[in-house]
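1. Requesting a structural model of the entry that follows:
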Amino acid sequence: MNLPDFPNVDLFSAGINALNGVLVARHPSHNRGYAVVGLLVMAFFGGIGGGVSRDVLLNEIPSPIKDPMYLLVCLLMGLLGLAIYRYADSKEEQFRTRTLAFFKSFMLPWFAILGAHKALEQNLGFFSAIVIGLIATTAGGVFIDVFSGVTPEIVRPSAHIVTTAVLASGVYAGIALLRTGNQSFFPVTLIAVVVSFVFRVFAVREHWPQIVPLNAPAQGPRVAA
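-> Next comes the predicted model:
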């Protein structure tokens, strides 16, 4: 199967997610009094957690091991996150929820598509491509949530992260499998990115609801007396 060539967006995605990882770890919901080293670890979780999980599942050498530039980018973006918290504390929340959220909405489909792309390269099929795309997109955030003792965002009513990842990888895999001849970057990747990005933007802006059982109110874990 001839698949389209990708521009080098993996590094940019890793950087954006590493920066977000530090800012999320500093948020009151996740902050556990992390040391600087701990926050940088969160940057690596956010930046390369998804990509490493993807490569390990596909029995490949993880990209950060083959190219140390990933580690450098995550480190620099982690330090940038610390600087934002230190010198722009009053604007950190606005930056995280607006500017960074926009970049995440744009990069989220790319992570999913890259995961689906690698799965199709190994002839794993449509549904496997969606699963790998979903894991590549969400694993980093899950690591941060679990280490912070927070219920992972992907299983809570959130900003349609899982839906967007499934949509991006599903659209990409579906078109790629239907077009069995020579393929270029356009329109396969462009269609998948545009469809999932537009969905994500409208879902966040319009606060589209997700299905939540109404007869079973959520409760936190009980503490033994």
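2. now the residue nearest the centre of the chain, nearest residue through space, not along the chain?
-> Computing the C-alpha centroid of the chain and ranking residues by CA atoms, centre = their mean puts Thr137 first, at 3.5 Å. Beyond its immediate neighbours in the sequence, the residue positioned closest to Thr137 (CB to CB, 6 or more residues apart in numbering) is Ala165, lying 4.0 Å away. (Each C-beta comes from the backbone N, C-alpha and C, glycine too.)
3. coming back round to it: next, the buried residues of the helix or strand hosting the residue nearest to the centre of the chain.
-> Element membership for Thr137, per DSSP states H and E: helix 126-147. Along helix 126-147, the positions that meet the burial threshold by neighbour count (16 or more other CB atoms under 10 Å) are 128-145, 147.
4. And that helix, how far out from the chain middle?
-> Relative to its chain's centre, helix 126-147 lies at 7 Å (CA atoms, centre = their mean, to the nearest Å).
5. Just the mean pLDDT for it, thanks.
-> Mean per-residue pLDDT for helix 126-147: 94.
6. Render the CA-only coordinates of the helix or strand following it in CSV, please.
-> Toward the C-terminal end, the helix or strand that comes next after helix 126-147 (DSSP H and E) is helix 161-178. As requested, the backbone C-alpha atoms of helix 161-178 are provided in CSV (Å, rounded to 0.1, in the frame of the first residue of the first chain):
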residue,chain,number,x,y,z
ILE,A,161,-10.8,14.1,22.9
VAL,A,162,-11.6,10.5,22.2
THR,A,163,-14.3,11.3,19.6
THR,A,164,-11.9,13.6,17.7
ALA,A,165,-9.1,11.0,17.8
VAL,A,166,-11.4,8.3,16.5
LEU,A,167,-12.8,10.6,13.9
ALA,A,168,-9.4,11.6,12.6
SER,A,169,-7.9,8.2,12.5
GLY,A,170,-11.1,6.6,11.1
VAL,A,171,-11.4,9.1,8.3
TYR,A,172,-7.8,8.8,7.4
ALA,A,173,-7.7,5.0,7.5
GLY,A,174,-11.0,4.7,5.6
ILE,A,175,-9.8,6.9,2.7
ALA,A,176,-6.4,5.4,2.6
LEU,A,177,-7.8,1.9,2.4
LEU,A,178,-10.3,2.8,-0.3
